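>>> attaching a predicted model along with its sequence, questions to come.
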Amino acid sequence: MIRIEEELVVNNKTIDARILSRMFLAGAKNLEAKKEWINELNVFPVPDGDTGTNMTMTIMAAAAEVGSLGEPDMESLAKAISSGSLRGARGNSGVILSQLLRGFTRSVKNSKELDAIDIAAAMEKGVETAYKAVMKPKEGTILTVAREAAAKAVELAETAEDLDTFFQSVIAHAEETLAKTPEMLPVLKEAGVVDSGGQGLLEVYHGAYDGFLGKEIDYTQFDKAKGPAVTKIDAQTEADIKFGYCTEFIVMTKEEISMEEEQKFKDFLMGIGDSIVVVADEDIIKVHVHTNHPGKAIEKGLTYGELTNMKIDNMREEHRERLNLTQAEAQVDRKSVV
């Protein structure tokens with residue numbers, strides 16, 4: 001049963017830190033409720049079935065920091081979201097989500113209230129930050145959905161009469177963009193799915209809009225049948241995993257590294273893998289790479305400082321486990337029909 005508590009939106013033209021905090025937490029909650037379904041959509045960049053989990057771990061790390069603030073002002077809220085999401089970022093999609101949040105919060109941190117123009121500019125800054133962090137951005141992904149949503153927000157902001165219709169229009173455009181992702185990435189079209197990262201971002205948008213309206217919704221009542229169809233895992237796709245180990249860590253530097261050094265680090269990682277996202281932020285560097293030589297990435301990281309939050313996943317093994325689970329579920333379905 002869905003629980004809804006309506007809170008009257010007195011001011012429909014601006015939001016303050018309290019409302020933005022509520023929107024962020026509602027977006028995180030909605031993403032968390034949909035994570036397993038989003039995992040099933042995951043075929044790009046590799047079919048390891050963890051996009052929903054990674055994005056959820058990323059946003060919930062930030063949600064934990066936000067939840068501990070009590071009554072935040074915009075600056076403390078922005079810092080909690082940015083720092084929490086970057087330090088907790090998991091996977092390619094999780095790191096990208098953290099950068100969308102980082103750019104957004106950097107744009108709003110000095111404001112007391114945000115109108116449509118402020119929100120559109122912040123969304124645009126989030127997209128700019130995320131694209132800079134990714135070495136080889138691919139269209140038809142979470143980046144495309146975020147960019148198009150931001151572009152629609154900028155288009156509508158000047159003439160927006162209220163935030164309610166503004167948010168609805170931006171989300172509707174994001175949905176339209178997500179539906180087009182299979183036409184942008186052949187692997188999605190072949191599997192018959194939309195991009196999993198883009199779907200995850202859309203769930204954050206939907207939850208945030210509920211938060212704006214003041215709704216308290218039990219997202220666990222989600223009906224998967226109403227969402228996009230999920231992919232049928234093919235054993236052949238394991239051969240498409242060129243670099244087998246998803247390698248992530250944070251470097252704790254003694255001082256902020258230069259843009260030149262950051263680029264050298266990225267260039268090194270390009271030589272040993274792909275799906276590279278590197279983010280230098282004050283005294284830490286967040287690193288994500290798919291590689292066949294995780295040790296080399298770690299050794300390079302050690303030249304910049306101490307390491308923490310290290311994680312290495314065998315994506316071929318994850319794919320096989322996912323394939324076995326899918327086959328077992330299919331056998332159960334056949335038995336139930338008989």
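Alright, I've got the coordinates. Residues are numbered from 1 along each chain as shown.

>>> please make it C-alpha for all contacts and neighbour counts, starting now.
Will do.

>>> need the three-state assignment for N30.
Put simply, N30 is helix when judged by DSSP: H, G, I helix; E, B strand; the rest coil.

>>> contact partners for the closest residue in space to it that isn't next to it in sequence?
Distances taken as Cα to Cα, 6 or more residues apart in numbering put G207 closest to N30, at 5.3 Å, once the chain neighbours are dropped. By Cα atoms under 8 Å, 6 or more residues apart in numbering, the residues touching G207 are 23-24, 26-31.

>>> tell me the secondary structure for I312?
Reduced to three states by three-state DSSP, I312 is strand.

>>> hmm, V287 and it touching each other?
No: assessed by Cα atoms under 8 Å, I312 is found out of contact with V287, at 11.7 Å.

>>> list the contacts of K13.
115-116, 161-163.

>>> what's the helix or strand for the residue nearest to N30?
helix 196-213 (DSSP states H and E).

>>> and I250, by the same measure?
I250 is part of strand 245-252, with elements assigned from DSSP H and E.

>>> distance of the closest residue to E124 other than its chain neighbours from T144?
Spatial nearest neighbour of E124, chain neighbours left out: A150 (5.2 Å); criterion: Cα to Cα, 6+ apart. Counting by Cα to Cα, to the nearest Å, the gap from A150 to T144 is 10 Å.

>>> next: F166.
For F166 relative to T144 (Cα to Cα), the value is 20 Å.

>>> which residue of these two possesses the greater neighbour count?
The residue with more neighbours, out of F166 and T144, is T144; 22 against 19, by other Cα atoms under 10 Å.

>>> tell me the SS of that one?
On the three-state scheme (three-state DSSP), T144 is labelled helix.

>>> so what's it up against?
Counting by Cα under 8 Å, 6+ apart, T144 has contacts 177, 198.

>>> not counting sequence-adjacent ones, nearest residue to the residue nearest the centre of the chain?
By Cα atoms, centre = their mean, the chain has its centre lying nearest to L97, at 3.2 Å. Distances taken as Cα to Cα, 6+ apart place M55 nearest to L97, at 7.0 Å, with adjacent residues excluded.

>>> what stretches of the stretch 201-338 of the chain score poorly on pLDDT?
217-240, 322-338 (pLDDT under 70).

>>> repeat that with 80
Across the stretch 201-338 of the chain, the ranges flagged by pLDDT under 80 are 216-241, 282, 318-338.

>>> and the helices in it, which stretches?
Counting by DSSP state H, counting those that start in this stretch, the stretch 201-338 of the chain has helices at residues 259-270, 294-302, 315-337.

>>> related to what we said a few turns ago, neighbour count for I312 and V287, which is higher?
Neighbours of I312 and V287, each counted by other Cα under 10 Å, are more numerous for V287; the result is 27 against 17.

>>> roughly how far apart are that one and K254?
Applying Cα to Cα to V287 and K254 gives a distance of 17 Å.

>>> cool, and R102?
22 Å.

>>> more crowded one of the two?
Using other Cα under 10 Å, the more surrounded residue of R102 and K254 is R102, with 26 against 12.

>>> what helix or strand is that one on?
helix 91-108.

>>> avg pLDDT for that helix?
The average pLDDT within helix 91-108 is 95.

>>> which SSE is immediately downstream of it?
Past helix 91-108, the next helix or strand by DSSP H and E is strand 113-114.

>>> what does that following strand contact?
14-17, 108.

>>> what is in contact with I312 and V287 at once?
Residues touching both I312 and V287 (Cα under 8 Å, 6+ apart): 247-248.

>>> just checking, E248 touches K311?
Yes: assessed by Cα under 8 Å, E248 is found in contact with K311 at 5.2 Å.

>>> more neighbours: which of these two?
Set E248 next to K311 and count neighbours by other Cα under 10 Å: E248 wins out with 27 against 15.

>>> residue contacts, the more buried one?
E248 neighbours (Cα under 8 Å, 6+ apart): 90-91, 286-289, 309-312.

>>> domain parsing for this protein?
15-230, 238-317 (automatic domain parsing).

>>> and the longest one, how far out from the chain middle?
Centre-to-centre, domain 15-230 and its host chain are 6 Å apart (Cα atoms, centre = their mean, to the nearest Å).

>>> check the shortest one too.
Offset of domain 238-317 from its chain centre (Cα atoms, centre = their mean): 18 Å.

>>> the nearest residue to A130 once chain neighbours are set aside: neighbour count?
Residue nearest to A130 in three dimensions, not counting chain neighbours: Q99, with 4.8 Å by Cα to Cα, 6+ apart. Here the number of neighbours of Q99 (other Cα under 10 Å) works out to 28.

>>> list the contacts of Q99.
82, 86, 126-127, 129-130, 133.

>>> list just the nearest of those residues to G197.
Of all the contacts of Q99, A130 has the smallest distance to G197: 13.2 Å, by Cα to Cα.

>>> done for today, thanks.
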